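Visitor: Prediction below, plus the sequence it came from.
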Amino acid sequence: MAANDSTTIDRGFLAPTGNGLFGWIFSTDHKRIGLLYMYAVLTFFIVGAALGVTIRLELMAPGETIVSAQTYNALFTLHGVIMVFLFIIPGVPGIFGNLFLPLHLGANDVAFPRLNLLSWWLYIIGACMALGSLFSGGGPPDTGWTFYVPFSVQTTTNVSLAAFAVFVLGFSSILTGLNFITTVHRLRAPGVTWGRVTLFVWSLYATAWVQLLATPILAITVSLVVLERILGAGLFDPSKGGDPIMFQHLFWIYSHPAVYIMVLPGMGIISEIIPAFARKPIFGYWAVAFSSLGIAAAGSLVWGHHMFVSGMSDMAILVFSLLTFIVAIPSAVKVFNWVATLYKGSISLEPPMLYALSFIFLFSLGGLTGLILGSAATDVHVHDTHFVVGHFHYVMFGGTGFAFFGAMHYWFPKIFGRMYNKKIATIAWALMFAGFNILYFSMKILGLRGMPRRYYDYLPEYADLNMIATIGSWILAAGLVLMFVNIIRGSRSGLLAGDNPWGSLTLEWTLSSPPPAENFPDDLVVDRGPYDYDARDYKAQEG
Amino acid sequence: MKEAEHATVQKDYAGAKLGMWLFLYTEILLFGGLFVLYSVYLQRYPREFAAAAADLNIVLGAVNTVILLTGSLLVAISITALRRGSVRLAQWMLWGSVLTGIVFLINKYIEWSAEISHGIYPGSPILDQKENGEIIFFGLYYITLGLHGLHVLIGAVLLAFMAVYVATGSVHRDDFIKLENTGLYWHLVDLVWIFIFPLYYLLL
Ligand code: HEM
Ligand SMILES: [Cu+2]
């Protein structure tokens, strides 16, 4: 096989450089760094998903099923830390941002290629520390990914290392954001005006600002947990005059905006896929672009909705609740614009489009349940129940996760020059979509009926739905396995895909697949927008 | 892949500066978290904060302010000197600013050892017997000034590198963005101190 490869396909930036592995892990080429992120992030995703399925196995039946209570605590902590800090925050910017942001701008690389490589290394170091916290010190952390005090200061497990890992990962995230902002400002090719930048770039740009403005607060917050553990200064300890609620404020000042670090890039992906597969210009380009900034701005002011039951003044609760509802507006703008783009489009249901459509459905369900959590009165009822777990999986996994898989299927032929098996991809998608809803919708109902989260045992009346949810997790896992097998096989031996299999109009598709190492010729001048699809033309061609 | 080509992409001066400004912004936010804690607890324990602040050594704090400001000045002179082509002067000014960083840290060491010898440090039995607000004040004091001290250390190391770069000619009058960005960093360290000094030493 391998021998044939070089004759049948120009391997572009994938072609060996003669430096073997070093040509990769020390490469400053944004495309190689993007692929490095891909391999690392997907590895952690698989680990995290396996942990999730293990949690579900434990919850299959009441009582101790397969693991002890302490192990269960470690499981959901590690699952949360991996999924949040190693998969969903760095995932889309690290992989697809690195691969395609410069290509969408007509640039030859990001503004600071070496800093970019450093970000990847910091990611790997942080990831190793997070995993290392399992096997060293006092054993795996058991605080949940939120590291809430006072427990995180008191527990004897290895919280310090895990928290420091989060610090390092945050640093990596800041550097990526800084790099992307500078790239967007400085490296747009001639003709790429702000109005001709893709919506994916707009979303990464908005994300980068959130990364920059929110992550330092997380950095100082987790550092304070570590310092409290070492020094005992008492900043969060009421017996010394400190206030544990201050921890929650600081934590959520970052972590709520982080939700937008997670979801905005996913929305950007959807804004690429929908016009390409509906053969129509995106409806309301500027509305979609500015709603990203709107979400980023409004989303920075709503952290208090995580603390409705922690003790706040009624006035504060009212304000945070109102602001939370306001974030729904720019989010809804996006959803309506996507749907309007689909209207009378010439829709082709290729695998990326299936993911995009299911994104709209799942994200909407997640967003609507978010409003139930955002209004204080109903939140009191479902706070820290499985309803919350259902809600954020709908947003993060059904939203960003599905957008991520959509991106993988959309850009796959560009990255590897080959195509996966579309039929298998569709079957995998169907399994995931079905399994997903069975799993997480059950969780929402369980939560409404009062089942708390992070409990490893429950009352018998919750048994039926828990069983259903666990079966859903198997279907979902089967879909994931099928998808990964298909992708891996496709990247090795899939059919050659050609330069532009979907007929997309954004700049990366004007390059060969895989793209050449040096991207664009020096005299590139761009003279059109990224979504100038003309539906009539396309139909005429087909007819 | 043409590694060399990527490494020598045309130098984008404005881009490098923009990147540095963004980074400095995140540094300010990092300290911002601590300042938020300070203001919340100040509002809660005004009397205790004032009592605790009275124990701090204003003289050493003031001296350190002057030292840092001097350091900032030296870096600024160094950049101007380099642009005018006086490499020697630029280099000596940089070593001078490194020295201010070192003196600052020595001063800090003296200040802290005095306090620690009085039994005032986080978790100490003497401190823990004081009132809650005072415990919090000193907790914040050690953490904030410790973080700032760490930044002074990093800044001094960077400046030393710059001095070497200027000497070896890899930073020169037509390409001094590294020096300029290091200077910006050093000004930030200064700026943060300008907030710390009144908040901890003077205000109360
Ligand atoms: C195979 C897929 C997955 C399964 C079966 C799964 C299952 C679960 C379960 C059962 C819990 C609840 C634990 C509890 O509260 O007792 C949980 C928590 C969580 N999951 Fe997932 N999950 C999956 C994928 C994901 C993904 C893709 C993300 C992120 C994008 C994610 C993020 C989280 C987070 C942040 C928590 C909270 C952890 C904590 O409470 O500390 N999960 N997951
Ligand atoms: Cu939130």
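Guide: In hand now; what should we look at? Residues are numbered from 1 along each chain as shown, chains lettered A, B, ... in the order given. Ligands and ions are numbered 1, 2, ... in the order given.
Visitor: so what's A:Ile220 closest to, chain neighbours aside?
Guide: B:Gly33 (3.7 Å; CB to CB, 6 or more residues apart in numbering or on different chains). C-beta here means a position set from N, CA and C on the backbone, and glycine is covered the same way.
Visitor: Could you tell me whether that neighbour really is in a helix?
Guide: Yes: assessed by DSSP: H, G, I helix; E, B strand; the rest coil, B:Gly33 belongs to a helix.
Visitor: and it, what does it touch?
Guide: A:216-217, A:220-221, A:250 (CB atoms under 8 Å, 6 or more residues apart in numbering or on different chains).
Visitor: try it again with 10 Å
Guide: A:216-221, A:223-224, A:249-250, A:253-254, B:144 (CB atoms under 10 Å, 6 or more residues apart in numbering or on different chains).
Visitor: same check, this time on B:Ala114
Guide: Contacts of B:Ala114 by CB under 10 Å, 6+ apart are B:57, B:60, B:120.
Visitor: Can you tell me which of the residues you listed has the most neighbours?
Guide: Neighbour counts for those (other CB atoms under 10 Å in any protein chain shown) peak at B:Ile120, which has 21 neighbours.
Visitor: neighbours around A:Thr198, how many?
Guide: 28.
Visitor: meant to ask about B:Val63
Guide: 15.
Visitor: For it, identify the helix or strand it belongs to.
Guide: Applying DSSP states H and E as the criterion places B:Val63 in helix B:58-84.
Visitor: Counting by contacts, list what that helix packs against.
Guide: helix B:87-117, helix B:132-168, helix B:177-196 (3 or more CB pairs under 10 Å, 6 or more residues apart in numbering or on different chains; DSSP states H and E).
Visitor: Of those helices, which is nearest A:Gly503?
Guide: For the helices and strands packed on helix B:58-84, the distance to A:Gly503 is smallest for helix B:177-196, at 43.0 Å, taking CB to CB.
Visitor: which of the contacts of B:Gly33 has the most neighbours?
Guide: A:Thr221 (28 neighbours).
Visitor: ok, it touching A:Tyr148?
Guide: No: A:Thr221 is not in contact with A:Tyr148 according to CB atoms under 10 Å; the separation is 11.0 Å.
Visitor: and for these two, which residues touch both?
Guide: Common neighbours of A:Thr221 and A:Tyr148 (CB under 10 Å, 6+ apart) are A:236, A:247-248, A:251.
Visitor: of the residues you listed, buried ones?
Guide: A:236, A:247-248, A:251 (16 or more other CB atoms under 10 Å in any protein chain shown).
Visitor: Which one of the contacts of B:Ala114 is nearest to chain A?
Guide: Using CB to the nearest CB, B:Ile120 comes nearest to chain A of the contacts of B:Ala114, at 11.9 Å.
Visitor: Quick one: low-confidence residue ranges for the chain.
Guide: Picking chain A for this. Applying pLDDT under 70 to chain A flags residues A:1-9, A:535-543.
Visitor: should've been chain B
Guide: B:1-10, B:204.
Visitor: contacting residues for A:His249?
Guide: A:217, A:221, A:243, A:303-304, A:306-307, A:310, A:312, B:33, B:36-37, B:40.
Visitor: and it, what helix or strand is that in?
Guide: helix A:244-278.
Visitor: Taking helix A:244-278 as reference, get the angle to the helix or strand following that helix.
Guide: Sequence order places helix A:285-299 as the next helix or strand after helix A:244-278, per DSSP H and E. Helix A:285-299 and helix A:244-278 are oriented at 170 degrees to each other (axes from the mean of the first three to the mean of the last three CA atoms, to 10 degrees).
Visitor: picking up where we left off before, let's have the shared contacts of A:Thr221 and A:Tyr148 in TSV, adding distance to ligand 1.
Guide: Output for the shared contacts of A:Thr221 and A:Tyr148, formatted as TSV (distance: CB to the nearest ligand atom, whole Å):
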residue	distance to ligand 1
A:Phe236	19
A:Phe247	16
A:Gln248	14
A:Phe251	13
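Visitor: any chance of these in JSON lines, plus distance to A:Gly490?
Guide: Below are the shared contacts of A:Thr221 and A:Tyr148 laid out as JSON lines (distance: CB to CB, whole Å):
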{"residue": "A:Phe236", "distance to A:Gly490": "50"}
{"residue": "A:Phe247", "distance to A:Gly490": "46"}
{"residue": "A:Gln248", "distance to A:Gly490": "45"}
{"residue": "A:Phe251", "distance to A:Gly490": "41"}
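Visitor: ok, and of the residues you listed, which contact chain B?
Guide: By CB under 10 Å from any CB of the partner chain, the members of these lying near chain B are A:236, A:247.
Visitor: Please spell out which residues along stretch B:50-67 are buried.
Guide: For stretch B:50-67, by 16+ other CB under 10 Å, it's B:51-53, B:56, B:60-61, B:64-65, B:67.
Visitor: Compute the distance from the centre of it to the centre of its chain.
Guide: Centroid separation for stretch B:50-67 versus its chain: 16 Å, with CA atoms, centre = their mean, to the nearest Å.
Visitor: pull the CA atoms of it into CSV?
Guide: What follows is stretch B:50-67, C-alpha atoms only, in CSV (Å, rounded to 0.1, in the frame of the first residue of the first chain):
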residue,chain,number,x,y,z
ALA,B,50,-5.7,48.6,58.6
ALA,B,51,-4.3,47.0,61.7
ALA,B,52,-2.4,44.4,59.8
ALA,B,53,-1.1,46.9,57.2
ALA,B,54,0.4,48.9,60.0
ASP,B,55,2.8,46.1,60.6
LEU,B,56,4.3,46.4,57.1
ASN,B,57,7.6,48.2,56.6
ILE,B,58,6.7,51.2,54.5
VAL,B,59,10.3,52.3,54.1
LEU,B,60,11.3,49.0,52.4
GLY,B,61,8.2,49.2,50.3
ALA,B,62,9.0,52.8,49.2
VAL,B,63,12.6,51.9,48.5
ASN,B,64,11.5,49.0,46.3
THR,B,65,9.1,51.3,44.4
VAL,B,66,12.0,53.6,43.6
ILE,B,67,14.2,50.7,42.6
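Visitor: and the stretch 101-250 of chain A, which of its residues are near ligand 1?
Guide: A:144-145 (CB under 6 Å from any ligand atom).
Visitor: ranges for the helices of the stretch 101-250 of chain A?
Guide: Using DSSP state H, counting those that start in this stretch, the helices of the stretch 101-250 of chain A run over A:113-135, A:151-154, A:159-186, A:199-231, A:244-278.
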